[in-house]
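> The sequence and its predicted three-dimensional model are supplied below.
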Amino acid sequence: MAGTFELFVDDDAQIRFRLVMPGGHVLAVSGQFTDKHAAAAAIEEVRECAGTGLIQDVAPPPQGVLLASPPHLRYAVRRRARRLNSVGAA
């Protein structure tokens with residue numbers, strides 16, 4: 001079952017939306033919008049983008065913590081020696 005986008009008014013009297021799981025857990029809360037139309041347009045953008053969005057980790061690694069396992073093999077960079085042909089192209 002899909003989550004629900006809820007429009008609400010925050011303490012500053014601005015419109016916001018939140019994405020709520022079927023069990024009631026809030027997954028995300030938006031920034032402020034001046035009206036419901038702007039918030040609804042942002043929800044449409046989230047709907048278009050989120051389903052195919054990739055995860056990009058931009059958080060720094062924790063200080064002094066070593067990773068217990070190597071990165072997933074699917075994403076590992078594979079390097080190998082390459083022979084050059086007579087014109088220097090691989």
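Perfect, thanks for sending it.
> roughly how far out does stretch 32-49 sit from the chain middle?
17 Å (C-alpha atoms, centre = their mean, to the nearest Å).
> And the contacts of it?
For stretch 32-49, contacts defined as C-beta atoms under 8 Å, 6 or more residues apart in numbering pick out 5, 7, 10, 12, 14-17, 19, 30. C-beta: built from backbone N, CA, C; applies to glycine.
> buried residues in it?
Across stretch 32-49, burial judged by 16 or more other C-beta atoms under 10 Å covers 33, 39, 42.
> of the contacts of stretch 32-49, buried ones?
Among the contacts of stretch 32-49, those that count as buried by neighbour count (16+ other C-beta under 10 Å) are 5, 15-17, 19, 30.
> Tell me the gap between whichever helix or strand residue 46 is part of and the middle of its chain.
In the assignment (DSSP states H and E), residue 46 maps to helix 36-50. Centroid separation between helix 36-50 and its chain, computed with C-alpha atoms, centre = their mean, is 15 Å.
> export that helix as PDB, just CAs?
Extracted C-alpha coordinates of helix 36-50, given in PDB (Å, rounded to 0.1, in the frame of the first residue of the first chain):
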ATOM      1  CA  LYS A  36      -1.700  24.900  -1.200                       C
ATOM      2  CA  HIS A  37      -1.200  25.100  -5.000                       C
ATOM      3  CA  ALA A  38       2.600  25.400  -4.600                       C
ATOM      4  CA  ALA A  39       2.700  22.500  -2.100                       C
ATOM      5  CA  ALA A  40       0.600  20.300  -4.400                       C
ATOM      6  CA  ALA A  41       3.000  21.200  -7.300                       C
ATOM      7  CA  ALA A  42       5.900  20.100  -5.100                       C
ATOM      8  CA  ILE A  43       4.200  16.800  -4.300                       C
ATOM      9  CA  GLU A  44       3.800  16.100  -8.000                       C
ATOM     10  CA  GLU A  45       7.500  16.700  -8.500                       C
ATOM     11  CA  VAL A  46       8.300  14.400  -5.600                       C
ATOM     12  CA  ARG A  47       6.000  11.700  -7.200                       C
ATOM     13  CA  GLU A  48       7.800  12.000 -10.500                       C
ATOM     14  CA  CYS A  49      11.300  11.900  -9.100                       C
ATOM     15  CA  ALA A  50      11.200   9.700  -6.000                       C
END
